[in-house]
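# A structural model of the following input is requested.
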Amino acid sequence: MGIVRKQSLYSSISIYIGFAFGAFNQLVLFPRLLNAEQYGLKGLLIDVATLMATVASLGAVPAINKFFPFYKDYLTKKNNDLPYITTIVAAIGFLLFVIFSFIFKGLIIQKFSGNSQLFIDYFYIVYPLTFFIMVYNLLEAFAWGLKKTIASNFLKENLLRVATTVILIIYAIAQFQFSTFMILFCVPYALIAVLLWWVIYRTDELKTVPRLSSVTRRMKGRIMIFSGYVFSANVFSLIARTNDLLIMSSVIGLEAAGVYSIATFVASLIEVPQRSMYSITTPILSQAWKDRDLTKIQSIYSKSSITLIILGFGIFGVIWCSQHNLVLFLNHFLNPSQQAIIPQIILVLCIAKLIDLVTGVNNIVIQTSNFWRFDFISAISFVIVSIVLTYILQKKMAIVGAAYATLIGVSLNNMVRFAFIWIKFGMQPLSYKTLITLVLGVACIAITLQIPFAWNLYADTIIRSIVFVILYVPAVIGLRLSEDINGMWTMVYEKISRKQA
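Predicted coordinates for the structure are as follows:
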């Protein structure tokens, strides 16, 4: 886990900095420059483009994640045809997406014109967003295989948000039309795709080889079957994660989607460690399955669980101890009824994220194993349950219903994956340290919430955050709940000590 620990530290720092800019954009600039309907449109377009980018790739990304180690081990870089093949496949997929979007344009208008006409007006933005996100996803898969996770995370988590901040500031100063802003909104996605291509190009590790290699000829059947299953599973999983906003925009409207997007962003802060962990562990687990190193897989699985829940609960504690201040901060953006329900939405979504974290990298363990077909089956089941629950609960409970549908769906999906890995491989990631972490986190939150409100929301937020961190962090380190977190702490402490010496 040494490489995981080191790269996790640097990647997490990069992602946290990026999320700071993201929070500034999502909670400060966007709500002040856009109304709730425009804010909802922005979130809906990104969700649709992300989903369509995954669909358009036609399984090229999971194929890279799974089989790139084989191509690296058995071929010279001059004979590696995987980049060429996956590029052609993705290009065909994007062309099919464009064609089918025109064929089904009438259905899209029918579903969204009633409550979300703005989405119909700006649907054309989906095309450049989808293209650039798809290109980045392909390049990111190769970057992970080349151990360039820090560079890819920096571009996606930092530069993307900084560039968005710049565009928002320009929009605020120049005050040009919203239609112009939506076009410029695509620029950061194009920028990071081009820069990641440049990073990979400079490694001189990937070549354009327009002829089939011996590895492709020997493994093409396996690659196609694997890619088809995992691609479908990824699409269904993404549908399950984005259907709440899609259904909400169609059934309730973009204004409700805008409010829900804020709660979703706040809850997504908990995912920061997970995003870093996925990018680093995917190639390592893929190699471990290739080498049949079950001991290494178990180690990564269990260590990822305790590390993720410790970090995730720490972020949740900071969020929840000051959730009332967030409502005060957004009072100009939210109406009274929305102010009353958004803490509940945030809490439910945060619990769903914590459940996802405590089960570790279970989906990556399954996807990179020879039982990846199960990932396909579970993903289909997950998306069916998620869509049905989201539709029914939104009809009955409006915005709050979407949050509860997410919680139920995520819980069921992770329970199934947890049980499958335990039964099939005899691996499970939980231990007594997991329980200690949960009790410790709840206790620190309960103590922090007893602090009286300070003189303003900014001071109150800072005080509560500091108190929670002072209670939580030393206890986690002192109890040695996570080998990796203590290792990171030691590494940082030694670096600081050497600089001061």
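
# can you give me how far whichever strand or helix holds residue 215 is from the chain middle?
If you go by DSSP states H and E, residue 215 is part of helix 214-251. Centre-to-centre, helix 214-251 and its host chain are 16 Å apart (CA atoms, centre = their mean, to the nearest Å).

# what's the answer for stretch 340-347, then?
Averaged over its C-alpha atoms, stretch 340-347 has a centre that lies 21 Å from its chain's centre (CA atoms, centre = their mean).

# go on, stretch 125-139?
Averaging C-alpha coordinates over stretch 125-139 and over its chain gives two centres that are 16 Å apart (CA atoms, centre = their mean).

# other residues contacting it?
In this structure, residues lying in contact with stretch 125-139 by CB atoms under 8 Å, 6 or more residues apart in numbering are 45-46, 48-50, 52-54, 56-57, 60-61, 64, 86-87, 90, 93-94, 97-98, 101, 152, 155-156, 182-183, 185-186, 189-190, 192-193, 196-197, 200. For the C-beta atoms, the positions are set from N, CA and C on the backbone; glycine is no exception.

# related to what we said a few turns ago, so which bits of the helix holding residue 215 are buried?
Within helix 214-251, the residues that qualify as buried are 215-216, 219, 223, 226-251, counting by 16 or more other CB atoms under 10 Å.

# same thing with stretch 159-173?
Judged by neighbour count using 16+ other CB under 10 Å, the buried positions of stretch 159-173 are 159-165, 167-168, 171.

# of the contacts of stretch 125-139, grab the buried ones for ChimeraX.
This is how ChimeraX selects the buried members of the contacts of stretch 125-139, with burial counted by 16+ other CB under 10 Å:
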select :45,46,48,49,50,52,53,54,56,57,60,61,64,86,90,93,94,97,101,152,155,156,182,185,186,189,190,192,193,196,197,200
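
# find the nearest non-adjacent residue to residue 381, please.
Taking CB to CB, 6 or more residues apart in numbering as the measure, residue 381 lies nearest to residue 416, with 7.5 Å between them; neighbours along the chain are not counted.

# residues near the one you found, how many?
As a burial measure, residue 416 scores 16 neighbours (other CB atoms under 10 Å).

# and if you look at the one 10 residues further on?
Counted by other CB under 10 Å, the residues lying close to residue 426 total 9.

# quick check: it vs residue 294, distance?
9 Å (CB to CB, to the nearest Å).

# what is the helix holding residue 215 packed up against?
Applying 3 or more CB pairs under 8 Å, 6 or more residues apart in numbering; DSSP states H and E, we find helix 214-251 packed against helix 36-56, helix 60-74, helix 105-112, helix 254-268, helix 362-367, helix 372-397, helix 399-425.

# let's have those helices in a markdown table, adding mean pLDDT.
Below are the helices and strands packed on helix 214-251 laid out as a markdown table (pLDDT from 0 to 100):
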| stretch | mean pLDDT |
| --- | --- |
| helix 36-56 | 88 |
| helix 60-74 | 77 |
| helix 105-112 | 76 |
| helix 254-268 | 86 |
| helix 362-367 | 86 |
| helix 372-397 | 83 |
| helix 399-425 | 91 |
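
# residue 301: which of those is closest?
With respect to residue 301, and counting by CB to CB, the nearest of those is helix 362-367 at 5.7 Å.

# hmm, who's touching the closest one?
Outside of helix 362-367, the residues that reach it under the criterion CB under 8 Å, 6+ apart are 62, 65-66, 230, 233, 237, 278, 281-282, 285, 297, 300-301, 372, 374-375, 414, 417-418, 420-421, 427, 429.

# which positions within that helix qualify as buried?
The neighbour-count check on helix 362-367 (16+ other CB under 10 Å) flags 362-367 as buried.

# in TSV, list those along with distance to residue 434.
Output for those, formatted as TSV (distance: CB to CB, whole Å):
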residue	distance to residue 434
362	14
363	19
364	19
365	17
366	20
367	23
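
# of those residues, which is the nearest to residue 79?
Using CB to CB, residue 367 is the member of the buried residues of helix 362-367 that lies nearest residue 79, at 26.6 Å.

# what's the distance between the closest one and residue 337?
When CB to CB is applied, the distance between residue 367 and residue 337 equals 41 Å.

# equivalent analysis for residue 39, please.
Taking CB to CB as the criterion, residue 39 is separated from residue 337 by 17 Å.

# the more surrounded of those two?
More crowded of residue 39 and residue 337, by other CB under 10 Å: residue 39, with 22 against 11.

# so that one is in contact with residue 30, correct?
Yes. Under the criterion of CB atoms under 8 Å, residue 39 is in contact with residue 30, at a separation of 5.6 Å.

# need the next SSE after the helix or strand of the chain at the bottom of the mean pLDDT ranking, C-terminal direction.
For the chain, using mean pLDDT, DSSP states H and E, the weakest element among its helices and strands is helix 2-24, scoring a mean of 67. Later in the chain than helix 2-24, the nearest helix or strand by DSSP H and E is helix 30-33.
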